[in-house]
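Undergrad: show me how the following folds:
(one chain, ligands or ions: 2)
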Amino acid sequence: MVQVQTFVFNPFSENTYLLHDETGEAIIIDPGCYDRSELNELVAYVDAHSLKPVQIVNTHAHIDHVLGVAALKRKYGIPFALHKLEEPVLKAVKSYASNYGFSTFEEPEIDTFIREGETIEFGNTSLKIIFVPGHAPGHVAFVSDADKLVIGGDVLFRMSIGRTDLPGGDHATLLRSIREQLFTLPDDYQVYAGHMEPTTIGFEKKHNPFFK
Ligand SMILES: [Zn+2]
Ligand SMILES: [Zn+2]
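TA: Numbering: from 1, shown residues only. Ligands and ions are numbered 1, 2, ... in the order given. The predicted structure follows:
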């Protein structure tokens, strides 16, 4: 049984997720912690629950989702995994970080490339990787069938969808990803998005204005 802990970090109000199960092993998804106090908030949770982070893995590599990667890699000595098509997206962050006020952004090294169809394993938990491009070219989402949830990044939001005006974005591709990859999941699956509160597949199929 996986526990999803949400932290809201940086001025973009980005959701950083820490997933852990009964074994105490944990993974960190999209760490957006930027300053010392945000980093400390995550570390304090890990310490308080005696967790052992084993990996950092990202849905995609926009700045708001990668601000904490380098610091957490160093803190826990753990690898960072990303889809190959997000490598250029990550490499571009340096060039625009200071425009958003993140002058001390440190580019993390990628340790492993993940692919759709593979799984992310930690403790007793297995997450299926699905490919959902459109908001970003190598965007993936992580699905737990045992826990009926998806960590979806910036693809599908409660009553909204991800923006597609950034480099590598494409509106038609995003709609197709949602229709073919997310809306084929069962209605009762919880969707933990990169911003804002969680939703469910069933709620969005019914109420999302982009799919009327
Ligand atoms: Zn994004
Ligand atoms: Zn975002």
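
Undergrad: who in the chain is up against ligand 2?
TA: 64, 154, 194 (C-beta under 5 Å from the ion). Placement of C-beta: from N, CA and C, glycine included.

Undergrad: swap the cut-off to 6 Å and go again
TA: Neighbours of ligand 2 within the chain, by C-beta under 6 Å from the ion: 12, 14, 62, 64, 65, 154, 194, 195.

Undergrad: tell me the mean pLDDT for the helix ranked longest in the chain?
TA: Looking across the chain with DSSP state H, the single longest helix is helix 36-48. Mean per-residue pLDDT for helix 36-48: 98.

Undergrad: give me the contacts around that helix.
TA: If you take C-beta atoms under 8 Å, 6 or more residues apart in numbering as the criterion, helix 36-48 is touched by 5, 7, 9-10, 16, 18, 26, 28, 31-33, 51, 53, 68, 71-72, 75.

Undergrad: one more: stretch 90-99?
TA: The contact list for stretch 90-99 (C-beta under 8 Å, 6+ apart) reads 61, 62, 63, 66, 82, 103, 105, 107, 108, 110, 167.

Undergrad: and residue 180, that's in a helix?
TA: Yes - judged by DSSP: H, G, I helix; E, B strand; the rest coil, residue 180 forms part of a helix.

Undergrad: mind checking how far it is from ligand 2?
TA: Relative to ligand 2, residue 180 is positioned 22 Å away (C-beta to the ion, to the nearest Å).

Undergrad: who does residue 150 bridge with?
TA: residue 143, residue 191 (DSSP bridges).

Undergrad: burial of it, as a residue count?
TA: Counted with other C-beta atoms under 10 Å, residues neighbouring residue 150 total 28.

Undergrad: surely it touches residue 193?
TA: No - counting by C-beta atoms under 8 Å, residue 150 stays clear of residue 193, with 9.2 Å between them.

Undergrad: if we can go back for a sec, who wins on neighbours among the residues of the chain next to ligand 2?
TA: residue 65 (30 neighbours).
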